[in-house]
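*Asks:* Please find the sequence and the predicted model below.
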Amino acid sequence: MSVHRLSEPEIAAMLAEFPGWTLRADGHAIERTFKFADFNQAFGFMTRVALYADKVDHHPEWSNVYNTVEVALTTHDAGGLSTRDAAMARAIEGYL
Ligand SMILES: C[C@H](O)[C@H](O)[C@H]1CNC2=NC(N)=NC(=O)C2=N1
């Protein structure tokens with residue numbers, strides 16, 4: 001499905017709305033690193049996000065090492081950032 005790619009001002013507004021997130025060097029994703037008490041907490045978070053992601057068909061790029069989860073949000077179908085990434089960032093904040 002085609003999705004509208006955000007303009008630079010729209011990306012700036014998104015970053016202002018989600019203070020913990022930074023723009024990836026290529027400008028096509030927002031990133032955030034989450035630290036948890038232990039692996040159990042980290043993987044529980046990933047499980048909640050994964051179930052939501054599959055439901056809305058928008059999947060994070062991420063990696064996990066013990067209690068650390070690195071997340072990048074981008075919209076492959078748009079070749080960059082879209083409102084789907086803002087919605088996902090908002091949902092992720094709710095699963096912390
Ligand atoms: C066919 C399927 O709907 C698409 O490939 C979905 C799946 N998950 C996705 N996830 C992300 N992050 N971006 C997408 O463009 C995307 N597209």
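*Replies:* The structure has been received and is ready for your questions. Numbering: from 1, shown residues only.
*Asks:* name the helices or strands packed onto the helix or strand encompassing A86?
*Replies:* In the assignment (DSSP states H and E), A86 maps to helix 83-94. Where contact means 3 or more C-beta pairs under 8 Å, 6 or more residues apart in numbering; DSSP states H and E, helix 83-94 is packed against helix 8-17, strand 30-35, helix 39-56, strand 68-73. Yep, even glycine has a C-beta here, placed from its N, CA and C like the rest.
*Asks:* So W62: helix, strand or coil?
*Replies:* strand (DSSP: H, G, I helix; E, B strand; the rest coil).
*Asks:* Around the ligand, pick out the residues from this structure.
*Replies:* Taking C-beta under 6 Å from any ligand atom as the contact definition, the chain meets the ligand at D57, H58, H59, T74, T75, H76, D77.
*Asks:* export the residues you listed to TSV and tack on distance to F39 and pLDDT?
*Replies:* TSV is the format used below for those (distance: C-beta to C-beta, whole Å; pLDDT from 0 to 100):
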residue	distance to F39	pLDDT
D57	27	98
H58	25	98
H59	21	98
T74	26	98
T75	29	98
H76	28	97
D77	32	95
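*Asks:* what about the protein, any weak spots by pLDDT?
*Replies:* Applying pLDDT under 70 to the chain flags residues 1.
*Asks:* Find the centremost residue of it, please.
*Replies:* L73 (3.6 Å; C-alpha atoms, centre = their mean).
*Asks:* wait, what's in contact with that residue?
*Replies:* By C-beta atoms under 8 Å, 6 or more residues apart in numbering, the residues touching L73 are W21, A29, I30, E31, P60, E61, L81, D85, M88, A89.
*Asks:* what about the fourth one, how many neighbours?
*Replies:* Neighbours of E31 under the rule other C-beta atoms under 10 Å: 17.
*Asks:* Verify the stated contact: F43 with W62.
*Replies:* No. Using C-beta atoms under 8 Å, F43 is not in contact with W62, being 11.6 Å away.
*Asks:* how close does the closest residue to H59 other than its chain neighbours sit to T47?
*Replies:* In space, and not counting its chain neighbours, H59 is closest to A53: 4.8 Å by C-beta to C-beta, 6 or more residues apart in numbering. Separation of A53 from T47 (C-beta to C-beta, to the nearest Å) stands at 11 Å.
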